[in-house]
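[1] Pasting the sequence and the predicted coordinates here, then a few questions.
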Amino acid sequence: MGNIDENDFPLKHLNVSFGDSASDYTNVVSTFYACWESYNTVCKYAWCDEYDVREAPNRRVRRAMEEENGKRRKAARRERNEEVLSLVQFVKRRDLRVKARMEELKKEKVLKEAERKKEAERRKSEAAAAREKWREEAERARAELEKSDILAGKVRLADLDS
């Protein structure tokens, strides 16, 4: 069994291709980085143990030794996982395919923002045109009402000069 837990060993998800400069971002590059950014070591890190629990004089001491060894193993596992993650991030920052994809996404975002602003401006101008049309229709209706009132002989008191 050794230092690797055989139950956790099937790391087939890490058997992904790095690709080449012409690789598709969504199928190859993002899959590669997603797999390696979620890496967790399967090593047990038994060599980090400070105490040999078989030499414990009683159960209480053995459990204390196991706890201390567990802390050291956990710290070593965390350190290894952080090393791999920092390596992956180092490579990803320098990967031209990732940089090209980020530029592409930035351009798409700018285009979407411009389109959104254009659409908002169009809606704003349509609303202004609709308000102006409504104002003109209301003014025309009021003028026709006044005209019909005058023709009918109706007079408003406000229109009379005192």
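    Yep, it's here. Residues are numbered from 1 along each chain as shown.
[2] For this protein, which segments count as helices?
    According to DSSP state H, the chain carries its helices in the segments 30-37, 59-94, 96-152.
[3] Out of those, flag the one nearest C48.
    helix 59-94 (4.5 Å; C-beta to C-beta). Using the backbone N, CA and C atoms, a C-beta is placed for each residue, glycine as well.
[4] I'd like the mean pLDDT over the closest one, please.
    This predicted structure assigns helix 59-94 an average pLDDT of 96.
[5] Go through the helices of the chain and name the closest to S23.
    Closest of the helices of the chain to S23 is helix 96-152, at 6.6 Å (criterion: C-beta to C-beta).
[6] tilt between that closest one and helix 30-37?
    Relative orientation of helix 96-152 with respect to helix 30-37: 110 degrees, computed using axes from the mean of the first three to the mean of the last three C-alpha atoms, to 10 degrees.
[7] okay, the angle between helix 96-152 and helix 59-94?
    Helix 96-152 runs at 70 degrees relative to helix 59-94, counting by the same axes, to 10 degrees.
[8] returning to that earlier point: mean neighbour count and distance to L14 for the helices of the chain - can I get that in CSV?
    As requested, the helices of the chain are exported to CSV (neighbours: other C-beta atoms under 10 Å; distance: least, C-beta to C-beta, whole Å):
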stretch, mean neighbour count, distance to L14
helix 30-37, 16, 6
helix 59-94, 13, 10
helix 96-152, 11, 19
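[9] Can you read off the pLDDT for N3?
    60.
[10] Can you list the low-confidence ranges for the protein?
    Low-confidence regions of the chain, defined by pLDDT under 70, span residues 1-13, 159, 161-162.
[11] Pick out the residue nearest the middle of it.
    Central residue check for the chain by C-alpha atoms, centre = their mean: the C-alpha nearest the mean position is that of L105, 12.3 Å away.
[12] which ones are touching T31?
    Residues counted as contacts of T31 (C-beta atoms under 8 Å, 6 or more residues apart in numbering) are V16.
[13] quick revisit: in CSV: the helices of the chain, plus distance to N15.
    Conversion of the helices of the chain to CSV gives the following (distance: least, C-beta to C-beta, whole Å):
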stretch, distance to N15
helix 30-37, 9
helix 59-94, 15
helix 96-152, 20
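[14] Fine by me, we can end here.
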